[in-house]
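Peer 1: Structure of the sequence below:
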Amino acid sequence: MDKIKSNALKAAFPYTIPIAAGFLFLSISYGFLMSSKGFSAFYPICMSIFVYAGSMQFASVNLLLSTFNPIAALILTLMVNSRHLFYGISMLDKYKNTGLKKLFLIFGLTDETFSVNVSAKIPKDIDRGWFMFFTTFLNYMYWVLGTVVGAVLGSYITINTNGIEFVLTALFVVIFLNQWLESKSHISALVGVFSSALCLIVFGAENFMIPSLMLILLMFLIFRKKVEK
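Peer 2: Next comes the predicted model:
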């Protein structure tokens, strides 16, 4: 590994440590869950390597066990992961001129990776493309490694996995608080909180995600100049 890549890796690694704690715990739980449902280690490991969809992987457990219904699976997947449409739009400029790395950056764009890559203060002497690549790669490896551990151990140990997904919510809260403390302006955070709260009241817990994302995008477009400042 040349100096440019190694420096980018060293710069990216500290940003991924909090994510590692959440990803390892959650992916180990996912491996245990799949094993408890009768799947061999091969299935969850392949899901994490090729799908890498976090909450959708948990939702897919019941899909794999239920009657084959590809239309329902497609609709559920679009509903669960629709937020990535907005993530992708906001990362268009940041992913410019990253070459072939862009393919993996797109594949590995998760909530946590998005949060780091969109807000990290990358030193001027660090290559931006490689920094984002290693942030994405490290988070991906945490998830895959945890799945391997959980799937293998799940073949020998049985645990109660009810409610284990809450660790992902806790991780989001930690990331949000960290960005709040590091940012001088809290306009973006307040827009996100109030838009989500409003849509939660209006549309309910089952349907608020997409309307809140659309409202946030609209607010950012309206107040773009103030937000950019």
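
Peer 1: so where do the helices sit in this protein?
Peer 2: Under the criterion DSSP state H, the chain contains helices at 3-36, 42-50, 55-65, 70-81, 83-90, 101-107, 111-119, 128-154, 166-182, 187-203, 209-222, 224-228.

Peer 1: Need the pLDDT of Gly161.
Peer 2: That one is not Gly; residue 161 is Thr. In the prediction, the pLDDT value recorded for Thr161 is 63.

Peer 1: one step back: between the helices of the chain, which gets the lowest average pLDDT?
Peer 2: helix 224-228 (a mean of 66).

Peer 1: how far out from the middle of the chain is stretch 48-63?
Peer 2: 12 Å (CA atoms, centre = their mean, to the nearest Å).

Peer 1: if we look at it, which residues are touching it?
Peer 2: Stretch 48-63 is contacted by residues 26-27, 30, 33-34, 37, 44, 47, 72-73, 76-77, 80-81, 107-108, 110-111, 140, 143-144, 147, 165, 168 when judged by CB atoms under 8 Å, 6 or more residues apart in numbering. Backbone N, C-alpha and C define where each C-beta goes, glycine included.

Peer 1: what's the spacing between the residue of the chain positioned farthest from its centre and Gly150?
Peer 2: The centre of the chain is farthest from one residue, Tyr156, which by CA atoms, centre = their mean lies 29.2 Å away. Distance of Tyr156 to Gly150, given as CB to CB, to the nearest Å: 11 Å.

Peer 1: Buried residues, stretch 123-138. List them.
Peer 2: 126-138 (16 or more other CB atoms under 10 Å).

Peer 1: who are the neighbours in contact with the residue nearest to Phe32 when sequence neighbours are not counted?
Peer 2: Leaving aside its sequence neighbours, Phe32 sits nearest to Gly154 (CB to CB, 6 or more residues apart in numbering; 4.2 Å). With contact taken as CB under 8 Å, 6+ apart, Gly154 is in contact with Gly31, Phe32, Leu33, Met34, Ser35, Ser36, Ala41.

Peer 1: ok, so of those residues, who is nearest Ile210?
Peer 2: Leu33 (26.7 Å; CB to CB).

Peer 1: neighbours of that closest one, just the number please.
Peer 2: 22 (other CB atoms under 10 Å).

Peer 1: Could you report the distance from it to Glu182?
Peer 2: Leu33 is 34 Å from Glu182, by CB to CB.

Peer 1: Compare the helices of the chain and give me the one nearest Asn160.
Peer 2: helix 3-36 (9.1 Å).
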